[in-house]
Structure formats: structure tokens, C-alpha cells
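Q: below are the sequence and a predicted model for it; my questions follow.
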Amino acid sequence: MTGSLTATPADVETDEEFRARLRAFLTDHHPGKRPRDVVEGRAWHKAWLARLFDAGFAGPSFPREYGGMDLPFTRQVIYQEEYNRARVPGPQGTGLGIAAPTLVKYGTEEQKQQFLRPMIRGDKVWAQGYSEPEAGSDLPSLRTTARREGDSYVVDGQKVWNTHADYADILFTLVRTGTPESRQKGITYLLIDAHAPGVTVRPLRDITGGTHFSEIFFDAVRVPVANRIGEENEGWPLVRTSLGHERAAGAMNQAALYRRVVTELTALAKERGLTADPLVRDRLADFEVRVRIMRYTGMRVIADIVSRGEPGPASSTSRLFITTFEQDLHEFAVDMLGADGLLLRDDPRSVQRGRWVGGFLSTRASTIGAGTAEIQRNTIAEQVLGLPRDPAMPPR
Amino acid sequence: MTGSLTATPADVETDEEFRARLRAFLTDHHPGKRPRDVVEGRAWHKAWLARLFDAGFAGPSFPREYGGMDLPFTRQVIYQEEYNRARVPGPQGTGLGIAAPTLVKYGTEEQKQQFLRPMIRGDKVWAQGYSEPEAGSDLPSLRTTARREGDSYVVDGQKVWNTHADYADILFTLVRTGTPESRQKGITYLLIDAHAPGVTVRPLRDITGGTHFSEIFFDAVRVPVANRIGEENEGWPLVRTSLGHERAAGAMNQAALYRRVVTELTALAKERGLTADPLVRDRLADFEVRVRIMRYTGMRVIADIVSRGEPGPASSTSRLFITTFEQDLHEFAVDMLGADGLLLRDDPRSVQRGRWVGGFLSTRASTIGAGTAEIQRNTIAEQVLGLPRDPAMPPR
Amino acid sequence: MTLTFTDEQEELRASVRRFLADKSPSEAVRRWMESEEGHDPAVWRQMAEQLGLQGLALPEEYGGAGYGPVELGIVLEEMGRALLPAPFLSSVALAGQALAVSGDDAAKQRWLPGIVDGTRTAALAVSEEGSSWTLEGVRTTATPKGEGWALEGTKTFVIDGGSADLLLVVARTDEGPALFAVEGADGVSRSPLTALDPTRRLAHVTLEAAPAVRVGPAGDQAGYLRDVLDLAIVALAAEQVGAAQACLDLSVEYAKIRVQFGRPIGSFQAIKHKCADMLLEVESAKSAVYNAASVAAERIAGAGEELPIAAALAGAYCSTTAVHAAKETVQIHGGIGYTWEHDAHLYLKRAKSSELLFGAPAAHRARLATLVGI
Amino acid sequence: MTLTFTDEQEELRASVRRFLADKSPSEAVRRWMESEEGHDPAVWRQMAEQLGLQGLALPEEYGGAGYGPVELGIVLEEMGRALLPAPFLSSVALAGQALAVSGDDAAKQRWLPGIVDGTRTAALAVSEEGSSWTLEGVRTTATPKGEGWALEGTKTFVIDGGSADLLLVVARTDEGPALFAVEGADGVSRSPLTALDPTRRLAHVTLEAAPAVRVGPAGDQAGYLRDVLDLAIVALAAEQVGAAQACLDLSVEYAKIRVQFGRPIGSFQAIKHKCADMLLEVESAKSAVYNAASVAAERIAGAGEELPIAAALAGAYCSTTAVHAAKETVQIHGGIGYTWEHDAHLYLKRAKSSELLFGAPAAHRARLATLVGI
């Protein structure tokens, strides 16, 4: 399976040759349009990821012994550029982006051997189990408990805002093993079989009317102690496993995505004769400014990583920049379209199948999920600028 | 001196007759243009106030026995409208607006007799001594001390941001008589003779280049105990003496002032051909919206006071509304004028003697002085909306 | 100009609020918004029979109570607060007021009693494809035919246009735009729109030689049509203010009870400042809309020349306020505010929809600029 | 495109920062801004002699070091940070770069060596009354006269135009706009402007049959003039970013030490969020200006067709960032930030002034819109 990788090792191939080879593969094997049916779509997606893996083009940043490509960072960037350019589907679930780096850093050799390859190949879909109804921005207050019983933990509690959990195989989950007041000091990181008895996943309807998130209920779910990553009560630092490089590449992907979106919005505005309005032009120009800056910042962060080994402060504000940008952009698009912008996807008269109004709704989550914009600003202020903590906040 | 008042008592005169009589007086006795020279200007100002008082037209809200007019509230509004319309100078110093209501409520009969009439007539100019360099938004932490010695207090310390202090006769001042940690519980309210030995008033140059504020230094200044308003260590509640009605009338005055200013700015924009730009038109229209709302809110607050005896929540946000408005307005004016907007008063080519760029600078103080905009928002949230206090803040 | 309320008006507000809390709580709103009809006919009847709301601001000679835009504004503010799904805005505030100011006694006699007693509903059709809430954008034509007229054109975003018994349609004639009444299905095809706000029904209406009756006194060049549009804007602004106030209330309540990091989130400055800014905007929006309603009342009494200015001002400011308040409400509620179960999204959808139906804020400002001579 | 700096470039930044901290601290800035000359001639000489800053980005054949806009940007960023009052932007970045890209060997030979060694200064005169930093707004005319040309017109907001030994003036000819060199007082009257920013001298220049030499190769229609204007915008943007960073640093430092209510004000969310937003903008502005400088370098090397876009983008974003940062700095400092003694107002004045000198942000965006085909 790793044959194709070793056949053209990085040290004999130039960056541009690598780019060409990847581009050729992605073009030649492009899986075409996703089937409309959700279940068929997932199978189609899985088949694509397996093909990608089998050709040696999966897991660009992960070690070869676990099925990854182990690319140097500059080449990871090339990989992301080409992948994005080809418009082929990315990983299913959130395992590769979040759980995999944690496993690589904190997992035992057995765990890495067991879990990484099927994850990278896409055979197993992973979903996150962090958030809880009562512990939103204050994750350290989580209440889902795990009680040790012999070689197992028994898990009880509820998680929420879990993307992909409705078809996931493995849930990487934070549970409380310490006292209720133990906060960060009593949290353990467990991998839970989503198909185990006692696990119930219920789709959660959100403001878009869709079910992009789920709730997970654990009712006396038995989890082998072997599925614990790191030590008991020492799971908290694992949440913070630096995604530095992935995050930088992710920001570049977002920049490329929104580059297309701004171009499409501008085309729409012109098509409808709206650019005659200087107020519309001014706003569109502002989005043009911001989407370009998004790309320059991404490049700057990457350049810093390559030349100094670490990103500068610009990397800390990327997410806030992007999330506020995408909210502003979608809302402006609706405003620009006027009442026509209100028509939803299902309306035959909707503009571009209601994508803008849909985005207006879904991007409300951008400044909430994975830490609200307010929490992000706190973090930037404290961790990057070194401003003092609020004395009435629990210690970090 | 009160003869003219009793000659036409409110109960035999209709509101419209009162308005006509006041308007006639203000028109007939309009003092003309203020002399350029600062000292001459102050004397001219004083003479006007004395003439106003002698005609029975000073201190609309204050009791007659101390020289005021004791007008019912509706008539105070008429008074303010006419006064503002006539464009005659208002009171000198900040005594009438701030200290007088405190004196009326907390002063002894002797103090009222001694201080109010000369203040209302403008014979004595009053200035405030609250702020200190270290106690900005956190006024209860003030450090200027007053030590009791027989029939006197001996005052030492420094005050800052005192308007009119450079020509004031009386400084109404907060001093610490309790322990350094006593906060609100150790503050006393003193009237200090600005000409007493040990008082030094030093003009403070601000960002406009002008000296609109002063610093006051107290070096062993002896203040008679008779000049204490309220009890020792019980001065803090005096600071909060409700200015309810005056504040509502003040907001109406601001609305009338800015009504003129927006009209003038629009005229300037048209004169320079700038209203052809839809971006300029949109901003001007927004100021038009806001300045009209300012007036409606003022009227609404007054209507509530008249009909229910107290203003609604709208009165709590007026100041924030006005201060952000005046900042936005002046900055926009400079932006609209482009580089020409940068020329200062002294430049012969300046636009309207640099009033807009001057306003751009001076309105920076609007969101700082008398409680920053941030503190104002806290207060609104806590006192009007009932949101809980920050647990790390000292008790109020 | 009155900017405060009498005891009687406050009592009206209180009784409408009680009625809606009782008859149209969130569960009911959600049930009816997903229904075929879109609203509860029983509640609609009770509104008419018990409270007389449909007739409150319509003339006494047709069964109404003869109050005006100020009282109507109070009712609409409460309906906005409760997100009531009902054809009240369309039938009473838009069509009802349009008939009332038409000066056409025959038309009033014919249609107002049914609107007043709630047995019939009407809708006002102004916007067309690519246009907004303006007379200038009207391309639908009316040509004389027999005793009446024939209408040709397409109207869209007609509020409750799918269910209304009577359509009042703005159309062009050789003498300028005028208002026409269309009843029955002859030449009329209506299709529902699937749009952002689930609590309000919108329709697309195609008119092909649809028989119509002209509304408006003979010889009049439909000068009152601008008033019709402005009264609608003022009515919607009242609804928006009510919704914004509801958002503020929801946010403040939640901020007091939601605990994070061991303390209520309302003790954090970021949340406090958001709420304080919302209060500022809500109070300012009230000033704008109370003024506008007051001017509208004067207008109906024959004065109130400032109505176009007051309406444009209220339309611009209240729209922005309601959308901002709703967005902040979602944000302050965090994850819960993003769920279908919480009402925050209903306010967001109502606010965003209302912001664009009668012209976006910038369009209102542009009109205001012209009106005040900028 | 390079968006990170080499060790050599970082060393350049460090040495310029050290030099300015040593030679031009706040006290010196304040002393010289109130002086007749407006800057310290000794520091100016040392900049040339010890660091060679004036020649850093100018061609080697005229005594320069031959670096380009990226290195010049680093220097300007540091000067913006230090609010250095000196004719560097005008003489080196505006006039020096204009000459360098003119393609006119004679002009370069004649004037660049003096600019490079700091013995002479030059200024670039573009704006006229009622116009801004555009070629379209130029009404000053140049007519052939003898061997040279005669200029007629009025230039304003000329940075350091009062003291410059050489004026480079954009004027109209029958063949379009072109650049002209004016030396001496013949036909030239200069008067200082009293404007917002005390750290930068501006002049009003009247030209009445002023003898001039055309700059630019024969036959060229001055196509490089757009580059001249864009290079100026990029240079100013670098200064703005430096000033914005200084504002952020001042604010963060103050927020750490200023105690109110028994705790540093930096522990309050309101202050934290202001600082976080400033960081976001400053970092974004850096991305904009580093890209622009990099494109400018490509442009000078004969490519970089995106320069107009990159310059408009940097001009729009960096202007706004610097003004916002300066306003927040005043606000965060409270009363002390409103005093003449604190530097906050100097940054505010520099930022507001820079925002408007070469076209306001909306003008940059309008140009960008056209350039990218919006």
C-alpha cells in the first residue's frame, strides 16, 4: 500500500514535480459529483478517500508508518493548494484534523497502530465529543462522568454540538474522572465506540432547519481502559494539542474558498446590475480587500513557519478575521439582493438556490462554535498580548 | 430683585405668554458678540448673567427664596428652548448644573442662603474638583486628603480635568476624610475658596493644543468646616444627586445644538458638491436620522417626566447616544472634506476656521470625561437592565 | 406630537400583551408557522370579537373603533414581540389603512366592515420582481375594461397574498399609479414563496387580465398612495421595535441565569456592553417609531406633512435595530441560540425579512436624504 | 512574493529602531515638531552617514545601496512607529523613488546623488485644490519654453514642500500628465500650511511661469507616473502600520500597569477586546503592506502588474487601521490620553492626516473596485 509512496520519494522529486503528480492524480481520478442521497453520498465519499489513500495521497502531515505521507511543511502547503484547487472532498469527520495530532503526540504505539491507518484511509469516521449543554465556552466545567470498573470505564452523560457524530464510528470524548469541582485537573480523554451499547446519537435541528450537529447521550457505556489516550485525569492538555501547521494550512484553504466566493458574489452583483450602486461597490471592494488579506496572512504565517519554525501573532487572529468576514459577507449578500435574497433553497425563484441566505444563517455559528468570538478575543488578549486575566475567572 | 418675577407670576401667565415674554427679553437684551479677549469675554459674560438675574430670568429650576425662578417642569423646557434659540451665553462654570442641586438637597439653610444667590446671579463662578490623576473612572479611590484641625479642614492633594477652574471662585471638591482604603465610605464634600492660600490652579494643555481643563493642587489649604456639605465621610451620595430634570433639558439643548450642526454640515457638503457622492449622502442621511432621534428621545423623556414624574430607560442611554454621535459626526466631516479638512483654525485656507477638525479632536473627550463610554455601558447594564456586577469589582 | 402614552393606551398594551401571552405563546407560534394556514383562525376570531383589534384603528362608520396609528402601533409592537403569525399587518395595517385613507366611500363601504370584524382579510400588493416598496418600480398595468379595469403584471413578496380574500394592487394607469381591488380567482394566480421568515406568509401573484375595481375617488391622481406606502413602513417599524425589545429581554434574562466560569455571563463586560448597546438602539428606535406613528395620526387628520420623512427615518433605524438585536441574541445565547428549539432564530428571521421587504435601510436613507434636501 | 523577512532585513529593522530610539525619542520629536525647521538636521545627516538610510532603496549607480521597497518599507515602518519628523517620506520614498523609476538618466544623475547622501531634499507635488492623489485631478499646466518648460498652477498638501531643494511637480502637457523638476525660487511661491499633524510639514505651492525641466525619457507618455503615485501610497502605508503597532504597544503596556477598581484595566474584557481587535487589524495591515511592498519590488524589476491593486488595498486598509488604533489608544488611556503630554494625540494626528493625504479609504476602494472589475 505504501508502494506508490516509496516509488517516488520526496528526496528525488522536486516540489513542482510533486505538484504536477498530485494534480494529475486528482484530475484523472476526480470522483465527480456527490450523489444527492445522503447515505449514497457517504459511501461515495468513503470510496474516494480509500482510493486516495491507496494511491499514497492521504494524511500529508502524518508519519508514514501509520499510513501518512510525512511531507515537509512546504509540500503540505502545495498539497492543500492542489487539493483545494481540484475541488475533491476532504476527510470525513473531524478525526484527521483534531484527534490524529493528539494521537500522534500522546498515544501509545499500540494505539497509533490500531487507530491511525483506518482513520487516514477514511475507513473509520471520527467525531468529537467535547461540548456539553451546560459547559459551552467553559469546557473545563464538563459533567459527563467516567467511572473505572476493572478494565473499563463506565461513561454517563450528554454531549452536544457534535458534527458528523450521526455517522461516526469513533467518538473522541472528554469525560470527568475527577471530582465535580476538579475542572481541568479531573478530565480524561477517551475513544468511545459510537456503536457500543448505551450510546445514542440524536440529530439536533439548528436554525438553518438542517441537522448539521448531533447530541450524544451516554448511558452506562463501557469503554476499555486501553482506549484512554494519556493518563487518567490528565486529558485536558490533550485538547490543546497544537494544530499549528494544520491550522495554517486550514486558513489558506479558507482563503482559497472565500476567494472563489467573493468572485462569485461580485459576478452575481454585476449580473443583476447592482454594481452601479456605489454603496454596493464600496462593500464589495471591502470584501475584496479582506479576502486578499486573508490569503496574504495565510502565506505570511506559512512563510514564518517555514523560515522560523513558528507562526507569528498573525496566526492567532486568523480565525476571528475569517469568522467575522464570513458573517459580514453572507449578510451583505442577502442585503444586496433585497427581498429576493430572502428566498430559501426550496423556492424555485431563489437566487442561486438560496446559498446566501443559507450562509447568513449558518455563519451565525461561526462566532459561537469552538469558542465564541468573545472567548477568542480574551484568549488573544491574554495569550498573545499578555494582558492580565480577569481576577474573577478560574485559573487556566 | 425678585420684583419682576412676582409682577408676572406663573399662575396668571399662560405658557405661551411666558414664552413670548422670555423671547422678547432675550431678543431685546441680547448681549451681542463675545469679545475676543478672554478676560474681557468673561466680564462680558458675567454682566449678561447679572442682567438676566436682575430681570428675573435666571435659575429656572431653583427655589425663589434663593434667587431662582421655581418654574414647573414644562416651563423649564420652554425656558431652555427659548434660551437655546436666542443663542445667548449660558451659566459660567459648572456650579449651576451640578453643585446647585446638591446644595439644594443637602445644604443647610445657611449654606443655601450664602451660596446659591451669588451662584445663580453669576457673581461667583464654581468649578468641580472630583477627578484625580490616579482615580479616573474609579472615583471612589480618590486620594486628596482633608484632615480636621479645629474649625477647619486642611486639604492636601491634586485634582485634574477641572473645567473653568482657572477662573473659578469656588471649587466643589471631594476629599478623603476616612482611611486610604475607605473608598465611598470615607469621602467628604467641601466647598473650597479657589483664592485661598495653598490653592494652585494650573491650566492643562490638551490634545487640541488648548487649555480647556486645569489641574488643581492643594497644599495645606484651610477650609472652614462650615463649608462642608453633608456630614463628614458621607459625601459620596452627594455626587449622585439626581440631575434628572436638568439632564433631560440638557439633552434637549444638545439635540437643538446638533440639529444646527447637522444642517450646517449638510450645507457645507452641498456647497462643495460632495452630496453627489452616494456614500456621503448615505452618511449625512444617517446623521439626519440620529439627530432627529436625539430630539425625539429628549421629548419622550420630558413627556415621561411630565406625565409620570420620572424618565423611562431612554434617559439612561441619551449621553452615550450623543457622545458617540458627536464623535462620528466630526470625524465624518473631516473625512468628507478630505485633506482640506486637516487645516487648523489658524490656517487662512482652513474650512470654516477648522471647526470640524477641532471637533474631531475635542470630541475624543466625549467618551472619556465624566465616566468613560465603557463605564457608562456597565452602569446602564447594571442599573437599568439589572445585570449582575462583575464579582471582581469593589462593592458600589 | 405625543411621545408618551396615556393610561388608556398603556392598558391597551397590557391587554394585548396578556392576550398574546395566553393565546399565542411560542409553542403555538411554532405549531401554526408549520401549518398549512400559517396562523390560528380561532385566535384571529378572538382578536376581533374579544379585543376588537382588527377594527381598533379603522373608522367608526365601518364598525371600527376609530383610533389611529398610535394605538395600532402599540398593538403591532406587541405582536412583533410575540412573533404572532397572523394576517394582521397585511389585512389591517396595510390594506385596511390603505382603504381608510383612499377617500373612496364605496370601496370603504364594501370592504372595511369585513376587515374590521375579521371575517375577511385583505393584502396589499406593491413590490414587483426586481423592485421594492416604491411607486416608481410598478410595471403592472391597469387598462379600462367595461365598467372596471383589467390588470396585467406580476406582484411578489405580497404579505399573506396567498390567503387574502381581497387583493389591493398598485398598478399603472395612463394617469399614473393607482390602487385596484381584485377579488376572486379570475385572471389571478397565486403561489406561495418559501422564504426566510416562517412566521409570515409571502406570495407571488400573477395577474393576467384580472378584473379589478379602482379604489380612490374619481379624478384623484392617487396622491394618497405615497401615504399608503408610508403607513405600511411605520406599521412594520412598530413590529420591529417590539421584536427588538423581546430580543433584549430574552438576552438580559438569559445573561442573568446562564453560568459559565462560575458566574452569570451577564457579569462579563462583553455581554453587558452588548446589552447596553441594544438598549440604546431599542430606546432610540422607539423614539423614531413613536414619532412616526404620531405624525401618521396627524396625517390621517389632514396634516402631518412630515410623514414621508418620519416613515423613512423609522424604516431605516428600526430595521437595523431589530436585525442587530436578533443577531446579538443568537450570539449571547451561544449554542442554545443556534438551535431550532430556541426562539432566537425566529426573531432573527423575522427581523432580517422585515428589513428587506419594504426597502433596505440604505434605500430609506436615500429617500430621507432627498426629502430633507441633502 | 515574500511575506516574511530575512535575518538581514530583521537586522535592518533592529538597527533603525535602535537609532530612532536613541536619536529621536518622544522628547526630541516634540522639540523639533515645534521648531522652525520641523526636524533635526543633525539626525538627518547621521541617518545618511551612519546608516545610509536615504540611499538604502535607491540605485547603486547614484550612490544608493540598491535595495528596494521591501527594505524601504521596513525603514518607514520604524519611522512611523517613532513618529520621526524628517523629510524622509517626501525626499526618499516619494521623490527619490519617482526619479528612480523615471527612466530618465540625466535627471537621476543630476538629483539622486544629493538625495542619497542627504545633502539635498526633494518633494513630490501632486494634489491640487479640491483634488487628491490622482493624475486626473491635475490642472497645473506645463508649456514648452526655450530649452525647458514653464509651469502654471497651484499645488497643495505638498509634504515638506516648503523646505525641499527640488520640487517634482506633476503637470499637464498636450501629451498628458508628466513630471517636472523645479529648482530655485523663480516663479515659485511656497507657503506653509497649518494642519493637524504637527510632526509633518505641508506646503501650498503656487507656480507662475516657473521654469522647469521635464523628468522622463523622451517620447514616454509618463506611463510610469501611476507607479510613482502607487509607490507613494505603499510607502505611506508602511509608516501607518508602524504607527498602528506603536499604538497597540502603548495601549497594551498601559493596560497592564494602569490600576482602576483595584485591578489593572487590562483585566477588563472591554479593554482586552479592544486590544485583540487592534492586533487583528495591525496584523492584517501588515499582510497588506508586506504584500504591497513585495509587489512594488517586482514592479521596479519590470513585473508586478498588480501594483495598483496592491497599493489601493494597502492604502485602504492601513489607513483605517492606523486611525482606529490611534483612537483606541486615546480611549484606553482615558484622561491621560487626552493630554498634550502623552503621545497618543501625536499618533492620532499623524494617522488621521495620513488617511486623507493620498486619498481616503473609500477612494482607494473605489479604485480597487475598478481595477479588479467590480
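A: It's in. Numbering: from 1, shown residues only, chains lettered A, B, ... in the order given.
Q: okay, CA-based contacts and neighbour counts for the rest of this
A: Will do.
Q: phi first, then psi, for residue C:191.
A: Main-chain torsions, residue C:191, degrees, to the nearest 10: phi -130, psi 140.
Q: I'd say it and residue C:201 touch.
A: No: counting by Cα atoms under 8 Å, residue C:191 sits too far from residue C:201 to count as a contact (10.6 Å).
Q: neighbour count: the two, which is higher?
A: Just comparing residue C:191 and residue C:201: by other Cα atoms under 10 Å in any protein chain shown the higher neighbour count belongs to residue C:201, 24 against 13.
Q: next up, the contacts around that one.
A: For residue C:201, the contacting residues are C:38, C:159-162, C:192-193, by Cα atoms under 8 Å, 6 or more residues apart in numbering or on different chains.
Q: and those residues, which is closest to residue A:195?
A: residue C:38 (40.8 Å; Cα to Cα).
Q: burial measure for that closest one, as a count.
A: Using other Cα under 10 Å, the number of residues around residue C:38 comes to 21.
Q: related to what we said a few turns ago, out of the contacts of residue C:201, which are inside strands?
A: Mapping the contacts of residue C:201 onto strands (DSSP state E) picks out C:159, C:192-193.
Q: buried set for the helix or strand hosting residue A:103?
A: Secondary structure from DSSP states H and E places residue A:103 in helix A:100-106. Under the neighbour-count criterion of 16 or more other Cα atoms under 10 Å in any protein chain shown, helix A:100-106 has A:100-104, A:106 buried.
Q: check which helices and strands that helix sits against.
A: helix A:109-121, helix A:236-239 (3 or more Cα pairs under 8 Å, 6 or more residues apart in numbering or on different chains; DSSP states H and E).
Q: thinking again about what came up before, export the contacts of residue C:201 to CSV and tack on pLDDT and distance to residue A:180?
A: Listed next are the contacts of residue C:201 as CSV, based on pLDDT from 0 to 100; distance: Cα to Cα, whole Å:
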residue, pLDDT, distance to residue A:180
C:38, 94, 47
C:159, 98, 53
C:160, 98, 53
C:161, 97, 57
C:162, 97, 56
C:192, 97, 53
C:193, 97, 51
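Q: now a PyMOL select for only the buried ones of the ones in strands among the contacts of residue C:201.
A: PyMOL command restricting these to the buried ones, with burial defined by 16+ other Cα under 10 Å:
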select buried, chain C and resi 159+192+193
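Q: name the nearest of the ones in strands among the contacts of residue C:201 relative to chain B.
A: Closest approach between the ones in strands among the contacts of residue C:201 and chain B, by Cα to the nearest Cα: residue C:159, at 27.5 Å.
Q: tell me if I'm right that that closest one and residue C:199 touch.
A: No: if you go by Cα under 8 Å, residue C:159 and residue C:199 don't touch, sitting 11.0 Å apart.
Q: tell me the residues of the stretch 1-150 of chain A that contact chain C?
A: A:133, A:135-138, A:141 (Cα under 8 Å from any Cα of the partner chain).
Q: at 7 Å what do you get?
A: By Cα under 7 Å from any Cα of the partner chain, the part of the stretch 1-150 of chain A that sits against chain C consists of residue A:138.
Q: residue of the stretch 1-150 of chain A closest to chain D, please.
A: For the stretch 1-150 of chain A, the residue positioned closest to chain D under Cα to the nearest Cα is residue A:74, at a distance of 14.2 Å.
Q: dihedrals phi and psi, that residue?
A: The phi/psi pair for residue A:74 (degrees, to the nearest 10) is phi -60, psi -40.
Q: walk me through the domains of the chain.
A: This is for chain A. A:5-90, A:126-234, A:238-384 (automatic domain parsing).
Q: other chain: chain C
A: Using automatic domain parsing, chain C is parsed into the domains C:7-120, C:123-215, C:222-371.
Q: could I get those in CSV, plus columns for distance to residue A:351?
A: CSV is the format used below for those (distance: least, Cα to Cα, whole Å):
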stretch, distance to residue A:351
domain C:7-120, 23
domain C:123-215, 11
domain C:222-371, 15
